[in-house]
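>>> build me a structure from this.
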Amino acid sequence: MNNPFEELQSSWNKSRQEINTDQQKIDLLISSARSKQKSNLYFYYGNIAILAVTVLVLIVVWQLWMPFREQLSKIGIGVMIGSLVLRIIVEVFSTLKSRKINLLDTAVDSNEERISYYQFRKAVHGPVTITLITTYLIGLLMIMPELNMYISTSLLVIFMAAFILSGLFIIYKVRQSIKQEMENLQFFMTIEQELKG
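Sure, this is the predicted structure:
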């Protein structure tokens, strides 16, 4: 017959191992969540930088290289810049919202915040992005008649071809980012289901 103390000690050691294993799982989940959060923040900072540079290039081109004279062109460039500025604001808001997710909250609370955040990002990638891209394209079409006065038709065709190719590349990158963010959303929804048992 086993000594009651040895049974208690054995039970204690087994419980401690289970606690350590559970703690290791929790630490691994938190580490994974922090890694994903950090990766997303870098992605948003990159988007903000690219959009800001694009706005600056449009302003420089508009003011120095091709000072548009016709009202339609001025409105068009304003629409283009405005749509980019709105997208920058959305990305800044996304960054702030992402940084508010506290990984040290209870797991369920933190995960609910994260799921809410990724659902917000899903909406951003849907109607918000489509609307801003469409608005930008309308602005581009508005400047085309006067743009054709400053550059040759062959250069305009090259410009449009480059624009279409860059547009396809942007669509590809946006689709990749949507896929990644939706995988992250699924990851956190799975964690929530596991936590709620």
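
>>> state the distance from Gln119 to Ile48.
From Gln119 across to Ile48, the span is 21 Å (Cβ to Cβ, to the nearest Å). Every residue, glycine included, has its C-beta placed from N, CA and C.

>>> right, and Arg99 touches Asn40 too?
No: with contact defined as Cβ atoms under 8 Å, Arg99 and Asn40 do not form a contacting pair (10.0 Å).

>>> neighbour count winner among those two?
A side-by-side neighbour count of Arg99 and Asn40, using other Cβ atoms under 10 Å, places Asn40 first with 21 against 11.

>>> list the residues that contact the residue nearest to the more buried one when sequence neighbours are not counted.
In this structure, Asn40 finds its nearest non-sequential neighbour in Ser98, 5.8 Å apart by Cβ to Cβ, 6 or more residues apart in numbering. Contact partners of Ser98, counting by Cβ atoms under 8 Å, 6 or more residues apart in numbering, are 37, 40-41, 44, 117.

>>> swap in Ile89?
Neighbours of Ile89 in contact, by Cβ under 8 Å, 6+ apart: none.

>>> quick one: low-confidence parts of this structure?
Confidence mapping of the chain against pLDDT under 70 gives the ranges 1-23, 26, 29, 103-111, 185, 188, 191-197.

>>> so which residue is dead centre in it?
With distances taken as Cα atoms, centre = their mean, Tyr44 lies nearest the centre of the chain, 5.2 Å away.

>>> now, which of the contacts of Ser98 sits nearest Phe163?
Tyr44 (24.6 Å; Cβ to Cβ).

>>> quick check, the residue nearest to the centre of the chain in contact with Ser94.
Yes: Tyr44 is within contact range of Ser94, at 5.6 Å (criterion: Cβ under 8 Å).

>>> gap between the residue nearest to Thr54 when sequence neighbours are not counted and Ile133?
Nearest non-adjacent residue to Thr54, counting by Cβ to Cβ, 6+ apart: Leu84, 5.8 Å away. Going from Leu84 to Ile133 by Cβ to Cβ gives 10 Å.

>>> do the same with Ile143
Ile143 is 16 Å from Ile133, by Cβ to Cβ.

>>> so for these two, which sits in the more crowded spot?
Ile143 (24 against 16).

>>> which strands and helices lie in contact with the host helix or strand of Met182?
Assessed by DSSP states H and E, Met182 sits inside helix 153-196. Secondary-structure packing of helix 153-196 (3 or more Cβ pairs under 8 Å, 6 or more residues apart in numbering; DSSP states H and E): helix 4-60, helix 107-123, helix 129-150.

>>> quick one: distance of that helix to the chain centre.
9 Å (Cα atoms, centre = their mean, to the nearest Å).

>>> over to stretch 128-148?
Relative to the centre of its chain, stretch 128-148 is centred 23 Å away, using Cα atoms, centre = their mean.

>>> what residues does it touch?
66, 68-70, 72-73, 75-84, 86-87, 90, 156, 159, 163, 174.

>>> same check, this time on stretch 118-127
By Cβ under 8 Å, 6+ apart, stretch 118-127 touches 90, 94, 97, 174, 177-178, 181-182, 184-185, 188.
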